[in-house]
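1. okay, here's the prediction I keep looking at, along with the sequence it came from:
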Amino acid sequence: MQAARDFELTDLRARRDQSLLARFVPLYEQIFSDPKQRENPKLWPPRLWAVPPEPEPLLHVLLARSARDEILGGAVCEYYRASSCGLLTYLLVAEQARGTGIGRVLTRAALSALRADAEQCSAALRAMFAEAEDPRATEDIERRAYRVARLGLLAKLGAALVDVRFVQPDLGDGAGRERGLVLLTLTGATHAPIPGPVLGAFMHEFYRSLGVGAPEEDADYRVMAQRFGADVAVRGLSELGS
């Protein structure tokens, strides 16, 4: 098994390498096989190697590579400039490298990259969010067990559940909205509430970045917006597996 210390971390935002990005895509598509949850990688380069117009976010693709140049894992994260919030959109580790601590290193690297983006924008990172499949959204025993196990791993990385009914807009390929996800936060060891205005600013920008021109007129957004006037509770992930 690959030791966690035996890999190199590369941020493709700082290193323009089309071939390395292309080598990452098959692993990404293998692990995130649901079209409702998977962005088209062809959308990444303008956000990765340029400064896209808002509300599109700045993008990082962080890769962990072995001494033999194998891609062992990756993290894709986005910085939303208006709300100064980040989203860890994808975190994946190749099967042969699981259990080595690579996921933790990638998560910390994503948080560092987003904090650096905020600093360059003369701001502080207000929150880092993530998404995960909700075990309660499937009746398939094996799929439910997989989702519970993944949430357990995310909990070890410091993730906690944001108590809001989250709906992800269509990611751009016409696959439709994803209603089987939960929203997580990864910005603290404690389960401190998320200020409603912070979550509201992020969700408004997030929806706009995915083509929802007027989120306040969107039915799914309006349901979430009912929670944005006060602090939003953050809870442990273990209850999702009960």
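-> Received, thanks.
2. tell me the buried residues in the longest helix along the chain?
-> As assigned by DSSP state H, the longest helix anywhere in the chain is helix 102-120. Neighbour counts over helix 102-120 (16 or more other C-beta atoms under 10 Å) mark 102-103, 105-107, 109-111, 113-115, 117-118 as buried. For the C-beta atoms, the positions are set from N, CA and C on the backbone; glycine is no exception.
3. same check on stretch 170-180?
-> 171, 178, 180.
4. related to what we said a few turns ago, looking at the buried residues of helix 102-120, which is nearest Ala137?
-> Within the buried residues of helix 102-120, the smallest distance to Ala137 is 22.9 Å, found for Gly103 (C-beta to C-beta).
5. who's in contact with the closest one?
-> 73, 91, 93, 153, 157 (C-beta atoms under 8 Å, 6 or more residues apart in numbering).
6. reformat those as JSON lines; add secondary structure and distance to Asp34.
-> Shown next, in JSON lines, are the contacts of Gly103 (DSSP: H, G, I helix; E, B strand; the rest coil; distance: C-beta to C-beta, whole Å):
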{"residue": "Gly73", "secondary structure": "strand", "distance to Asp34": "19"}
{"residue": "Leu91", "secondary structure": "strand", "distance to Asp34": "15"}
{"residue": "Val93", "secondary structure": "strand", "distance to Asp34": "18"}
{"residue": "Leu153", "secondary structure": "helix", "distance to Asp34": "18"}
{"residue": "Leu157", "secondary structure": "coil", "distance to Asp34": "21"}
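7. same list (those) but as CSV, adding pLDDT, neighbour count and distance to Leu125.
-> Below are the contacts of Gly103 laid out as CSV (pLDDT from 0 to 100; neighbours: other C-beta atoms under 10 Å; distance: C-beta to C-beta, whole Å):
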residue, pLDDT, neighbour count, distance to Leu125
Gly73, 97, 25, 23
Leu91, 97, 25, 17
Val93, 96, 22, 24
Leu153, 93, 17, 23
Leu157, 92, 16, 17
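8. for Met203, state which of these is nearest.
-> Using C-beta to C-beta, those come closest to Met203 at Leu91, 20.5 Å.
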